[in-house]
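Chemist: Here is my input, please return the structure:
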Amino acid sequence: MLHSPRLPQLLTCALFGLFACGAQAGTPAPAPASLLPLLVTINERLSIADLVALTKWDSGKPIQDTARESQVIDNARKMAVSRKLDPDEVAELTAAQIEANKLVQYGLLAQWRAADKAPDTPRPDLVNQIRPRLDELQNRLLQQYADFAPYRNDPNCPDWLGTERASLIKDQLHGQALIRATGELCVVAQ
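Modeler: Numbering: from 1, shown residues only. Just a heads-up that it's a prediction; the model follows:
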């Protein structure tokens, strides 16, 4: 084995390089600016589930509304085409929003049944006030989804999503619903 006076220096440089690379690899890239607005809109849509639940409580109508859900998903598919998005991906995203919304409704109705009363708060009209608001949010959500879509395959996406989503969770029920609503935002191979 040859001994060079520079060997310790070369080894030190090599080790320093390894540590520097390791430090860089451990620091994920910051979340894209398009993620938080998308999550805020999804969360806003979920908060409307509380109002929908109140209307279902008052009317006694079931939470499941297959005809309305199909209509919303069909409209989302049409909007996807006009925005040059994949209609199947947008249908999945929209279905996830609907399922998350129903999760909140079922949870709240169960709580209110257990207490034998719902909150004494004003009830907006489902057809004339709530649904137009949901349609408006759907339009904004699809634009924000289009802005975020290029980042869905980034290996950091699940970390970004987990961090940003955690800042929006207000209670366990809405937190579970937010997780459901955002479950397919990242498409990273495991």
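
Chemist: Quick check: longest helix in this structure by residues?
Modeler: Identified as the longest helix of the chain according to DSSP state H is helix 87-115.

Chemist: Show me which positions of that helix end up buried.
Modeler: 87, 90-91, 93-94, 96-98, 100-109 (16 or more other CB atoms under 10 Å). Quick note: C-beta positions are derived from backbone N, CA and C, even for glycine.

Chemist: Stretch 177-190 now?
Modeler: Buried residues in stretch 177-190, counted by 16+ other CB under 10 Å: 177-178, 180-182, 185-186.

Chemist: quick one: contacts of it?
Modeler: Residues from elsewhere that reach stretch 177-190 (CB atoms under 8 Å, 6 or more residues apart in numbering): 38-39, 42-43, 45-46, 49, 92-93, 96-97, 99-101, 103-104, 107, 148, 152-155, 157-158, 161, 165, 168-169.

Chemist: what stretches of this structure score poorly on pLDDT?
Modeler: Within the chain, the segments meeting pLDDT under 70 span 1-26, 28, 189-190.

Chemist: Let me see the ranges of the helices in it.
Modeler: Under DSSP H, the chain gives helices at 7-26, 35-59, 66-82, 87-115, 131-148, 157-166, 172-181.
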